[in-house]
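Novice: Any chance you can model this:
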Amino acid sequence: MVQIDLSPRQVLVYIIAGIKNGQYQAAINIAQDCIDQLDARSKTNTALEPTQTTEPKLNTE
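Specialist: Modelled structure (predicted):
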């Protein structure tokens, strides 16, 4: 799992942009990474330290 260090608003923008551009799998992957991170945080009940900060990549072709 890649640590995504974005605000909730930024995450939604990337997901919506992926859907608008027809890149459904990219949008699903971003959403799944966020869900996985939230699950991990709720199980440990502590904030996770960023291990790798990345900007989601959407193809603009």
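Novice: hey, where'd the strands end up in the protein?
Specialist: Taking DSSP state E to define them, one finds no strands in the chain.
Novice: remind me which residues of it are low pLDDT?
Specialist: 1-5, 44-61 (pLDDT under 70).
Novice: That one: helices as residue ranges?
Specialist: Remark: helices assigned in the chain by DSSP state H are 8-20, 24-44.
Novice: and the first one, which residues are buried?
Specialist: Neighbour counts over helix 8-20 (16 or more other CB atoms under 10 Å) mark Val11, Tyr14, Ile15, Ala17, Gly18 as buried. (Glycine included, C-beta is placed from N, CA and C.)
Novice: Specify which member of those residues is nearest to Arg41.
Specialist: Val11 (14.4 Å; CB to CB).
Novice: ok, now how distant is the residue nearest to that closest one when sequence neighbours are not counted from Asn21?
Specialist: Counting by CB to CB, 6 or more residues apart in numbering, Val11 lies nearest to Cys34, which is 5.6 Å off, once chain neighbours are set aside. Distance check for Cys34 against Asn21: by CB to CB, to the nearest Å, it reads 19 Å.
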